[in-house]
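1. Provided below for reference: sequence and predicted model.
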Amino acid sequence: MSRISDCFETLARKQQCGLIPFITAGDPDIETTAEALRILDRSGADLIELGVPYSDPLADGPVIQAAATRALQKGTNLDQVLEMVKATIPSLRSPIILFTYYNPILNRGIDKFLQQIAAAGVAGLVVPDLPLEEASSLLQPAAKMGIDLTLLVAPTSSAERMEAIARASQGFIYLVSVTGVTGMRSQMEKRVSNLLKQIRNVTDKPIGVGFGISQAEQARQVKDWGADAAIVGSAFVKRLAEGTPQQGLKAIAEFCHSLKTAIAS
């Protein structure tokens, strides 16, 4: 069993909804990213999604785009990120899921990329611009390396496509709650409840809901609708970027704790 599957099994036994924070590596700097991972791990995160900064982040809204731009301007690259992850993971309880676009993977070579992230201790992978039709080129070698490649289900996906994605996805299924890019929304769309039911009808794999969750009440809402995890990105990235690094770290610790408290029971 993978570390991600094991984590979701533990949550299911405790009858808890998981919390998956997202931060961008290298924003404000790589040292702060390492400390942020440790703080999130201590503050209620069950898994942590770490974004590799990329110059053309099509799925990301303005907050995460700006964070990626700042990280790239400081020279952050994949090798730096993996070096930091390898040094930090031994002190973490939460499995790390790497969020990256497909072009950097192709540029490095699929096998080499997977070998490097596996050596760094990464447990999972999310590639938002990888369509189901092309996923097998990454799914099969990732599985051999012990890396869970989690696929995304869009709100516009047909029932047949949802079922096919659910069947192929590893670790869990990532349900995108909105049509569009990542970002903070004032309320969750009610259709998420129906989408969760649709996916639940075709699979028993865990389902994480992301894109748009920015408040504890919204995380609680998706938990009450039946999600196995709430994925929160822009709200963490925004807090970490405000003020000094120490102020940002304090803000994400408090926010993470408030989210976990809202969905734990």
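-> Looks like it came in fine. Please read these numbers as outputs of a predicted model, since none were measured by experiment.

2. just the strands in the stretch 101-250 of the chain please.
-> Along the stretch 101-250 of the chain, counting by DSSP state E, counting those that start in this stretch, strands occupy 124-126, 148-150, 152-153, 173-176, 207-210, 229-232.

3. dump those to CSV, plus distance to residue 76.
-> All C-beta spots, glycine's among them, are computed from the backbone N, C-alpha and C. Output for those, formatted as CSV (distance: least, Cβ to Cβ, whole Å):
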stretch, distance to residue 76
strand 124-126, 18
strand 148-150, 23
strand 152-153, 24
strand 173-176, 24
strand 207-210, 23
strand 229-232, 22
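
4. just the ones you listed: most buried one?
-> strand 229-232 (a mean of 28; mean count of other Cβ atoms under 10 Å).

5. partners of it in the sheet?
-> strand 18-24 (parallel), strand 207-210 (parallel) (DSSP bridges).

6. mind putting those strands into JSON lines with mean pLDDT?
-> What follows is the strands paired with strand 229-232, written out as JSON lines (pLDDT from 0 to 100):
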{"stretch": "strand 18-24", "mean pLDDT": "98"}
{"stretch": "strand 207-210", "mean pLDDT": "96"}
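
7. now those in JSON lines, please, with extra columns for distance to residue 61.
-> Formatted as JSON lines, the strands paired with strand 229-232 follow (distance: least, Cβ to Cβ, whole Å):
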{"stretch": "strand 18-24", "distance to residue 61": "12"}
{"stretch": "strand 207-210", "distance to residue 61": "12"}
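
8. which intervals of the stretch 151-265 of the chain have sub-threshold pLDDT?
-> Applying pLDDT under 70 to the stretch 151-265 of the chain flags the ranges 178-189.

9. now do the helices in it.
-> All helices of the stretch 151-265 of the chain, identified by DSSP state H, counting those that start in this stretch, fall at 159-168, 191-200, 216-224, 234-241, 245-264.

10. what does the shortest one rub up against?
-> The one in question is helix 234-241. 21-24, 27-28, 32, 36, 40, 61, 63-64, 66-67, 70, 182-184, 213-215, 248-249, 251-252, 255-256 (Cβ atoms under 8 Å, 6 or more residues apart in numbering).

11. pick out the residue closest to the middle of this structure.
-> The C-alpha lying nearest the average C-alpha coordinate of the chain belongs to residue 49 (Cα atoms, centre = their mean; 3.6 Å).

12. isn't that one up against residue 22?
-> Yes. Here residue 49 reaches residue 22: they are 4.1 Å apart, a contact under Cβ atoms under 8 Å.

13. need the residues touching each of these two.
-> 99, 231, 233.

14. out of those residues, which comes closest to residue 159?
-> Residue 159 has its nearest neighbour among the shared contacts of residue 49 and residue 22 in residue 231, at 22.8 Å by Cβ to Cβ.

15. give me the nearest residue to that closest one, chain neighbours excluded.
-> residue 210 (3.1 Å; Cβ to Cβ, 6 or more residues apart in numbering).

16. ok, the one you found to residue 145 distance?
-> The spacing between residue 210 and residue 145, counted by Cβ to Cβ, to the nearest Å, is 24 Å.

17. do the same with residue 227
-> 28 Å.

18. these two: who's more crowded?
-> residue 227 (26 against 16; other Cβ atoms under 10 Å).

19. the more buried one touches residue 207, doesn't it?
-> Yes. If you go by Cβ under 8 Å, residue 227 and residue 207 touch, sitting 5.8 Å apart.

20. list residues touching both of those two?
-> Contacts common to residue 227 and residue 207, judged by Cβ under 8 Å, 6+ apart, are 175, 196.

21. quick one: contacts for the closest residue to residue 262 other than its chain neighbours?
-> Closest residue to residue 262 apart from its sequence neighbours, by Cβ to Cβ, 6+ apart: residue 216 at 3.8 Å. Going by Cβ under 8 Å, 6+ apart, residue 216 touches 258, 259, 261, 262, 263.
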